[in-house]
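> All I have is the shape, not the residue letters:
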């Protein structure tokens, strides 16, 4: 932490240690039995441990369940959906779709790769928020006769779980194509079967074996 503070000072950047917090990540069992950790100190100020921290708009909890992050996201989506519903009669279908995509759907797409491995309950909450938005955009005659899946299809929106998989696949493709960023490229290893198989030419990646739910939440 001292080295980090010195780097900031050397490069003309300010690190407000009095407004910084620290958090300890791990499984519930590990955190329950983990030895007491002294409060980190940087630039002469102590960084108190917090139950959750918010960075770049994402709320992280010690177990990386992202429950609080999902709850906050759903609350924000429902708020903007209700606001859009009030002005919907004055908007054309094209305008309503544009507003919904930029104000609501964009919140769902933001950093959604972090939701990989989250609980089914969290995915269900997000899917309900997305489903409640779609009938507001479509006109009444389409809204009454189409299911939630058909409404999403008409809007060219992927369901939440498929959006997450698409973001991971797109990110992985870009990393393999550009070899950047290096810290993520170093985590990707090509699949090399022990004998000649048809899958050898499919450019598959080696999937690491994990045995814990905490490990399954890792994107890569």
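Done, it's in. For clarity, every value in this text was computed on a predicted model and none was experimentally measured.

> So what's the residue count around the residue nearest to residue 168 when sequence neighbours are not counted?
Using C-beta to C-beta, 6 or more residues apart in numbering and skipping the chain neighbours, the partner closest in space to residue 168 is residue 113 (5.3 Å). Placement of C-beta: from N, CA and C, glycine included. Counted by other C-beta atoms under 10 Å, the residues lying close to residue 113 total 19.

> Quick check, pLDDT for residue 113.
Model confidence at residue 113, given as pLDDT, is 88.

> Show me what residue 49 bridges to in the sheet.
residue 22 (DSSP bridges).

> Run through the residues that contact it.
Residues near residue 49 by C-beta atoms under 8 Å, 6 or more residues apart in numbering: 21, 22, 23, 24, 37, 39.

> Can you give me the distance of the residue nearest to residue 168 to residue 208?
17 Å (C-beta to C-beta, to the nearest Å).

> do residue 184 as well
14 Å.

> For the two, work out which one has more neighbours and name it.
Using other C-beta under 10 Å, the more surrounded residue of residue 184 and residue 208 is residue 184, with 15 against 10.

> Let me know how buried the residue nearest to the more buried one when sequence neighbours are not counted is, in neighbour terms.
Closest residue to residue 184 in three dimensions, ignoring its sequence neighbours and counting by C-beta to C-beta, 6+ apart: residue 175, at 5.3 Å. For residue 175, the neighbour count with other C-beta under 10 Å is 18.

> Helix, strand, or coil at residue 177?
With DSSP: H, G, I helix; E, B strand; the rest coil as the basis, residue 177 sits in helix.

> Quick check, residue 22 in contact with residue 38.
No: checked against C-beta atoms under 8 Å, the pair residue 22 and residue 38 is beyond contact range at 10.7 Å.

> neighbour count winner among the two?
Between residue 22 and residue 38, counting by other C-beta under 10 Å, residue 22 is the more crowded of the two (16 against 6).

> So the more buried one versus residue 121, what's the distance?
To residue 121, residue 22 is 28 Å away according to C-beta to C-beta.

> Could you do residue 97 as well?
29 Å.

> cool, and residue 174?
On the measure of C-beta to C-beta, residue 174 and residue 121 end up 31 Å apart.

> what's the least confident helix or strand in the protein, going by average pLDDT?
The helix or strand of the chain with the lowest confidence, counting by mean pLDDT, DSSP states H and E, is helix 140-145 at a mean of 59.

> If you count neighbours, what's buried in the following helix or strand past that one?
Scanning forward in sequence from helix 140-145 by DSSP states H and E, the next helix or strand is helix 148-154. By neighbour count on 16 or more other C-beta atoms under 10 Å, the buried set for helix 148-154 is 151, 152.
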